[in-house]
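**Q** this is a predicted model, with the sequence first.
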Amino acid sequence: MNLDSAPLRLGTLVERYGGTLSGDPETLIRGVSTLESAGPEQLAFLANPRYRGALANSHAACVLLAPSEAATGRAAQLALWIADEPYVCFARVAQFFAARQSERAAPGVDATAAIGPGAQIDATAHVGALSVIGAGAQIGPGAVVGAGCVVGARTRIGEDSLLHPRVTIYPDCAIGARAVIHSGVVIGADGFGFARDGFEWVKIPQTGRVLIGDDVEIGANTTIDRGALEDTVIGDGVKMDNQIQIGHNVRIGPHTAIAGCVGVAGSATIGARCMIGGAAMILGHLELADDVSISVGTVISHSILKPGLYTGFYPAQENSLWEKNAVMVRHLDRLRDRVRALEKQIGKGSA
Amino acid sequence: MNLDSAPLRLGTLVERYGGTLSGDPETLIRGVSTLESAGPEQLAFLANPRYRGALANSHAACVLLAPSEAATGRAAQLALWIADEPYVCFARVAQFFAARQSERAAPGVDATAAIGPGAQIDATAHVGALSVIGAGAQIGPGAVVGAGCVVGARTRIGEDSLLHPRVTIYPDCAIGARAVIHSGVVIGADGFGFARDGFEWVKIPQTGRVLIGDDVEIGANTTIDRGALEDTVIGDGVKMDNQIQIGHNVRIGPHTAIAGCVGVAGSATIGARCMIGGAAMILGHLELADDVSISVGTVISHSILKPGLYTGFYPAQENSLWEKNAVMVRHLDRLRDRVRALEKQIGKGSA
Amino acid sequence: MNLDSAPLRLGTLVERYGGTLSGDPETLIRGVSTLESAGPEQLAFLANPRYRGALANSHAACVLLAPSEAATGRAAQLALWIADEPYVCFARVAQFFAARQSERAAPGVDATAAIGPGAQIDATAHVGALSVIGAGAQIGPGAVVGAGCVVGARTRIGEDSLLHPRVTIYPDCAIGARAVIHSGVVIGADGFGFARDGFEWVKIPQTGRVLIGDDVEIGANTTIDRGALEDTVIGDGVKMDNQIQIGHNVRIGPHTAIAGCVGVAGSATIGARCMIGGAAMILGHLELADDVSISVGTVISHSILKPGLYTGFYPAQENSLWEKNAVMVRHLDRLRDRVRALEKQIGKGSA
């Protein structure tokens, strides 16, 4: 992906994105890279102190880092771009170069796409090869629908949103502006709702929608179910990794980030700015307050109303030790009873 | 999705689905909703006592509830439809209205679909845009194959089954009648079977099939592998949520329900009427009896031959507390040894 | 899938794949099956002693087994093929018969496929119905791209690799020779990389690639993200089951096998010949040495530098017992304090 592009003055970049430069502003920059791989026309960054050791051998044109790392950077005799939030600054520079190299699809509807009656596709939008746009669907200005996508009837895709190839959205859903939706995502499938009648399960028709705000990213093969009667709602700026499952009627507040393989069961409400670690599992009908963080692999079975970090996974160890200890975990009540018996005996003894 | 439809007399509905009415049978009903959102032409329901508080402010035309909730309903001055199983009854009424509003695809094969030689597509079936039907496949009466599906050679889809867009079924599988299969599902991919030869893995060809009974629902992006030599078999009435993984040669008994993100490893046998919670993991070559329930996030590593509810996930807590306790979980043997030492000492002391 | 095929002499098979025969070399074999299902023209095998009981009633033409099982096999009066690695030997025989019955697609590009400018498709490769090959992509000799696949611009598919229907590969990735990639797989989607700027997340463009070695198998709906700046690299001979998530910049060594539902977070490095159990979760920026095995459902939160088997899942038990013990797990510190108090008291008492 390192396509060639015209270089930019380092000084121009620093002026544009903020911070101070300790080095030659005339240095030409063509792109970004890691400390280890960057060449003399690339900008690198140091955001994690554990990679500090890589400064000494870096051939980067310049290194973006925090004021606290400046002394180390100087010792390595590198040009430095010092910024309070070096990782954010790096992200913006990287976006700048990536945008120049990107291959945003040209406006127009591919001849092999199947367009339903009444679909409204903006003249500046792109609809890719072999995709299907349902009746009455709306594709907004600048939006890109990749190859092989299926957009259901009456579903709306907001301005400048990008659907990578093979995304499926069921009818009557709405995606906001500037979404990035990766391949294999399924939005609006039926929630898992059945009433038990004796041994049989009677389906509850899932007639709600999925409503997704602006600036949302959704990773590959993630699934977001439509609501049963009400809607499933994903707030602005939510970022989701791959293979996440969101049940019906879930509500997720703005700017919450969810790592891969997480499951959120039906009717859970997750606050704003939460961070959910990989493979965590949030049970249904409960609430996470704003600013709650959940660790990897943790099952949340009760509401959490206080911000903070919550954890619950079994710590790994060598298998033979685990086997010994896991047996005791299953019988902690016995150990407790032995302690209790000792306490009684001692209590007697010392009485 | 709340398309308009002709209203129905409340009295007619109660006669059709059973129960007793305390209210005006001439009230006209156009659909169903929640207690909170229902308007004067909509039926609501109360199935979970925790939502009892919503009765007082409901504007529903009528509320379906159990005899035990009738007094509360009357106090709220609402018309009541009293039924022994209000949730089941609600499901059936909701199905009735949903069926009237549904957009079941018209019979016929879309001109953009690719149909293999010898495929038999019933005249009343629908094959959607840009889908692929393999050689010798059979699509039964009333079945719907959504846009972008791939149905493998010789695979059979039963009567009135519905494949949502972008379902993939490999060759030689069989789906029963009235299935609902959601987008992204993959049925019949190879099971994970390899023999280890030194450092290399030698593939065991997966030559079995997937056989799925009647009235099965399969959620988005779920995968069901074909058998190695025998078949993978899913019983009648099984309901599966999204992102479930079913390994080769697994057998699942009738009317079992499986929540999202569950994994079932190869050659496991799951009984009838089981309920498996989200993200549970069932190891291979073991057996769950009929009527076994497994909690969310639980790893089942031994057969369970007795009905009941089984659980095994690490309880979540504030991270700092978890860190303290998790260390001790890994060294429970030391705590046990200390108790043992105390017991010996006391035993001596008191002897 | 049990298509008919011309039979082969048992003696010929034994000569080809090694071992010794105790039985009639003229027996004709048409295929393979299980001990229970094999008929008089089929070869069966015994690899797991727990199935030894099935020998007595088997109607197989011959049974492949290890020298240690030969006496039991003779007692059952069966023809025996004795080999040191009977399961590997069986795998090779099964591959032989499967290859004879396989329906490898004929060379050529389906008329309904959409081929981008500059794509190079070898004359011996097959591109299936309604698939999309991006600009400048390369499809190697003998490779098969199934129906409905999307291969991104400039991506390379190696010799004899097989993409089942509906695989998606993003631009600029590379797949080696003889890969088997199952339906729903997504390779090269963006890794989950964002810098936090106040409450907002700023996307880090993911400009690395995914590089996959030779002889790799990837199960249905698995996702492998492209690198952020460097590449995500999967070694030769790696075998992955379904619904696995591999984050950006991950490196996996040769011949490692990963079971279903596993997650590997960004920048983790996994050695050669590792075995990762189902639903295990490997955190980011850590290292697993060569020959490390991880049990099902285990969260790995620290690097493991020593070969061996590591485990960490909460053992399941009847729910009422779990409830009792889980409470104590969350308060192990209190139990430890009670033991400590007893030790002090006894220490004093015995002093």
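**A** Everything's here; your move. Residues are numbered from 1 along each chain as shown, chains lettered A, B, ... in the order given.

**Q** who does A:Ile304 form a beta bridge with?
**A** A:Leu288 (DSSP bridges).

**Q** now the residue in the stretch 151-300 of chain A positioned nearest to chain B. Nearest residue, chain neighbours left out?
**A** Ranked by CB to the nearest CB, the top residue of the stretch 151-300 of chain A for proximity to chain B is A:Pro205, at 3.5 Å. In this view, the C-beta of every residue, glycine as well, is placed from N, C-alpha and C. Take A:Pro205 and drop its neighbours on the chain: the residue closest to it by CB to CB, 6 or more residues apart in numbering or on different chains is B:Ala98, 3.5 Å away.

**Q** can you tell me how far A:Trp127 is from chain B?
**A** Quick fix: residue A:127 reads Val, not Trp. To chain B, A:Val127 is 13 Å away according to CB to the nearest CB, to the nearest Å.

**Q** okay, how far is it across stretch A:176-193, tip to tip?
**A** Stretch A:176-193 has an end-to-end distance of 27 Å (CA to CA, to the nearest Å).

**Q** what do you get for stretch A:33-47?
**A** Stretch A:33-47: ends 13 Å apart by CA to CA.

**Q** what do you get for stretch A:286-294?
**A** So stretch A:286-294: terminal residues 14 Å apart, CA to CA.

**Q** for that stretch, give the mean pLDDT please.
**A** Averaged across stretch A:286-294, the pLDDT comes to 98.

**Q** which other residues reach it?
**A** A:253, A:268-277, A:280, A:282, A:300-311, B:316 (CB atoms under 8 Å, 6 or more residues apart in numbering or on different chains).

**Q** list buried residues within these.
**A** A:253, A:268-277, A:280, A:282, A:300-301, A:304, A:310-311, B:316 (16 or more other CB atoms under 10 Å in any protein chain shown).

**Q** in strands only, show me these.
**A** Mapping those onto strands (DSSP state E) picks out A:Thr269, A:Ile270, A:Met275, A:Ile276, A:Ile282, A:Ile300, A:Tyr310, A:Thr311.

**Q** other residues contacting the helix or strand of chain A with the lowest mean pLDDT?
**A** Least confident helix or strand of chain A, by mean pLDDT, DSSP states H and E, is helix A:332-350 with a mean of 86. If you take CB under 8 Å, 6+ apart as the criterion, helix A:332-350 is touched by A:328, B:332, B:335-336, B:339, B:342-343, B:346, B:349-350, C:321, C:324-325, C:328-329, C:332, C:335, C:338-339, C:342, C:345-346, C:349.

**Q** now do the helices in chain A.
**A** A:10-17, A:70-75, A:86-101, A:319-329, A:332-350 (DSSP state H).

**Q** of these, which stretch is the most buried?
**A** Mean neighbour count (mean count of other CB atoms under 10 Å in any protein chain shown) peaks for helix A:86-101 among the helices of chain A, with a mean of 20.

**Q** does anything pack onto that one? Which helices or strands?
**A** helix A:10-17, strand A:31-32, strand A:42-45, strand A:62-65, strand C:194-197, strand C:200-203 (3 or more CB pairs under 8 Å, 6 or more residues apart in numbering or on different chains; DSSP states H and E).

**Q** columns distance to chain B on top of the ones you listed, output as TSV?
**A** Below are those laid out as TSV (distance: least, CB to the nearest CB, whole Å):
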stretch	distance to chain B
helix A:10-17	34
strand A:31-32	34
strand A:42-45	28
strand A:62-65	29
strand C:194-197	19
strand C:200-203	22
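
**Q** with mean pLDDT as new columns, can these be given to me in TSV?
**A** Shown next, in TSV, are the helices and strands packed on helix A:86-101 (pLDDT from 0 to 100):
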stretch	mean pLDDT
helix A:10-17	96
strand A:31-32	94
strand A:42-45	96
strand A:62-65	96
strand C:194-197	96
strand C:200-203	96
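
**Q** would JSON lines of the helices of chain A with distance to B:Ile133 be doable?
**A** Shown next, in JSON lines, are the helices of chain A (distance: least, CB to CB, whole Å):
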{"stretch": "helix A:10-17", "distance to B:Ile133": "54"}
{"stretch": "helix A:70-75", "distance to B:Ile133": "62"}
{"stretch": "helix A:86-101", "distance to B:Ile133": "41"}
{"stretch": "helix A:319-329", "distance to B:Ile133": "48"}
{"stretch": "helix A:332-350", "distance to B:Ile133": "57"}
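
**Q** please name the bridge partners of the residue nearest to the spatial centre of chain A.
**A** By CA atoms, centre = their mean, chain A has its centre lying nearest to A:Met240, at 2.8 Å. Beta-bridge pairing for A:Met240 (DSSP bridges): A:Ile218, A:Ile258.

**Q** show me what contacts it?
**A** So A:Met240 contacts A:Val216, A:Glu217, A:Ile218, A:Gly219, A:Thr222, A:Ile246, A:Ala257, A:Ile258 (CB under 8 Å, 6+ apart).

**Q** kindly recompute the last result at 7 Å.
**A** By CB atoms under 7 Å, 6 or more residues apart in numbering or on different chains, the contact list for A:Met240 reads A:Glu217, A:Ile218, A:Gly219, A:Thr222, A:Ile258.

**Q** what about the residue nearest to A:Pro205, distance to A:Val202?
**A** 12 Å (CB to CB, to the nearest Å).

**Q** likewise for A:Leu342?
**A** Taken as CB to CB, the span from A:Leu342 to A:Val202 is 55 Å.
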